[in-house]
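Asks: here are the coordinates; sequence isn't available:
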């Protein structure tokens, strides 16, 4: 139980660290007017840029061009305008960027990487919990049918049903908490990205 609570509190703690880190930086805030009205057009633009950058990486795998391409790819895969975001790919490109960068990675880059890893981990956890909920719900349906057909085992099945309902309730609560946490981390990642853009501009 303590292990589970520790897992649940880790994202919250990580989010708190990000908020403190973000507040400590004083950056110019400017409005970004590049948001596309049409998601499909934005997706096409992202896809084209991703294809082009991947080509640069393949052709210049160890060069500064490849390093910059990896950084841009990590940004594109986490861009809030990209409706096909892929945090797993973003992590790989950001790690490749850190490896190719001659100077040690700064705190902001490492914080970004940590946030991406946490989002990716929570996404997998949500998927696992969703499968578990489906399995438990199927088991619950089966239990209900068996209870109707087998009156002799009525008490045993009732106890099983109560346990399954409780387990299902707990799993759904965990799933909801993880959804909230991942949304919070996505927002933090978006804010970090916007601050990085503003800083670079």
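Replies: Right, received. Where do you want to start? Treat the numbers as computed from the prediction; the structure is a model and nothing was measured.

Asks: which of the three states applies to residue 61?
Replies: Following DSSP: H, G, I helix; E, B strand; the rest coil, residue 61 is assigned to coil.

Asks: for the spatially most central residue of the chain, which residues are in contact?
Replies: Nearest residue to the geometric centre of the chain (CA atoms, centre = their mean): residue 119, 2.7 Å. Residue 119 sits next to 87, 182, 185-186, 189 when contact means CB atoms under 8 Å, 6 or more residues apart in numbering. Every residue, glycine included, has its C-beta placed from N, CA and C.

Asks: enumerate the positions of stretch 117-128 that are buried.
Replies: 117-122, 125-126 (16 or more other CB atoms under 10 Å).

Asks: from those residues, pick the one nearest residue 97.
Replies: Nearest to residue 97 among the buried residues of stretch 117-128 is residue 117, at 14.6 Å by CB to CB.

Asks: neighbours of the nearest residue to that closest one once chain neighbours are set aside, how many?
Replies: Among residues not flanking residue 117 along the chain, residue 91 sits closest, at 6.0 Å (CB to CB, 6 or more residues apart in numbering). By the criterion of other CB atoms under 10 Å, residue 91 has 19 neighbours.

Asks: how far away is residue 91 from residue 121?
Replies: Distance of residue 91 to residue 121, given as CB to CB, to the nearest Å: 10 Å.

Asks: repeat for residue 76
Replies: Using CB to CB, residue 76 is found at 21 Å from residue 121.

Asks: same deal with residue 115?
Replies: Computed as CB to CB, the residue 115 to residue 121 distance reads 11 Å.
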